[in-house]
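Q: Fold the following, please.
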Amino acid sequence: MRLALYTGLILAGGYTGLTPALAVDPTGDWRVADGVANIRVAQCSGSMWGAVSWEKQPGGRDENNPDASKKNRPTLGMPTLIDMKKKPGADQWEGQVYNAKDGQLYSATITPVGTDQLEIKGCVMGFLCGGETWTRVGPPIPLSPANAMAKGAPKPTGAAPKAQGTTGGTTGATAPAPAPAAPKTAATVKPGQKSAADPVGDICLLSEIAGFAH
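A: A predicted model of the protein is given here:
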């Protein structure tokens, strides 16, 4: 059984290719097999999560969800890869995948293949397994700042040291005034950051993921 997964992303800046060192990193933006959407995958509190970040036809709703309270939720920003844990000794993560085509959850694995493909496999009750391959359309995403809210995450301590001569220095020199910050543009926004062109941003901050992960 082939799982037709409905998922999505807007590129936040140019994508210029990856190095071999990133071959097993499943984070980033991925185009689903039928091209109708992209999925943004990021690490949130030690697990991999994925959410729709772009749709070929905007305005989709999760109308096949068996939960009546969710039938009208937008598919943009909807979690699709759920709490996927890394398998010991393997470049593979396992958890659940939500298929909006039928409103069902499936046991699933994700496996990076080289730098530019991600294999998704899902099974119903351990059998009737199927899957597809997604294609990378955006670079890996740095660890989310949202992870700082997770239990056990290290918190920054102490203040940054003052530059010599800024207050009470013996040289009498003063620090130059800081240059004005450059405005954010599509080229300067980092992957996973929210911008006007990318309404999803850091998926770890989406309410459905943040509430589960933290």
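Q: which sections of the chain are below the confidence cut-off?
A: By pLDDT under 70, the low-scoring segments of the chain are 1-23, 126, 144, 146-194, 196, 213-214.
Q: Look through it and tell me its longest strand.
A: As assigned by DSSP state E, the longest strand anywhere in the chain is strand 127-138.
Q: tell me how far the ends of stretch 54-62 are from each other?
A: Length of stretch 54-62, first residue to last, CA to CA, to the nearest Å: 15 Å.
Q: who touches P79 in this structure?
A: With contact set as CB atoms under 8 Å, 6 or more residues apart in numbering, P79 has these partners: 49-51, 98, 203, 206, 208-209. (Each C-beta comes from the backbone N, C-alpha and C, glycine too.)
Q: show me where the protein has strands.
A: Under DSSP E, the chain gives strands at 28-31, 37-44, 47-55, 79-86, 93-99, 104-113, 117-124, 127-138.
Q: returning to that earlier point: a markdown table for the contacts of P79, including distance to P79 and neighbour count?
A: Conversion of the contacts of P79 to a markdown table gives the following (distance: CB to CB, whole Å; neighbours: other CB atoms under 10 Å):
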| residue | distance to P79 | neighbour count |
| --- | --- | --- |
| W49 | 6 | 28 |
| G50 | 7 | 33 |
| A51 | 5 | 27 |
| Y98 | 6 | 25 |
| I203 | 8 | 28 |
| L206 | 7 | 21 |
| E208 | 5 | 16 |
| I209 | 6 | 25 |
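Q: Which single one of these is nearest to D62?
A: D62 lies nearest to Y98 out of the contacts of P79, by CB to CB, at 8.9 Å.
Q: Just list whatever residues bridge to the closest one.
A: Going by DSSP bridges, Y98 is paired in beta bridges with L105.
Q: give the contact list for it.
A: Counted by CB under 8 Å, 6+ apart, Y98 has contacts 78-80, 82, 104-105.
Q: If any of these are buried, give me the PyMOL selection for them.
A: Listed next is the PyMOL selection for buried residues among the contacts of Y98, using 16 or more other CB atoms under 10 Å:
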select buried, resi 78+79+80+82+104
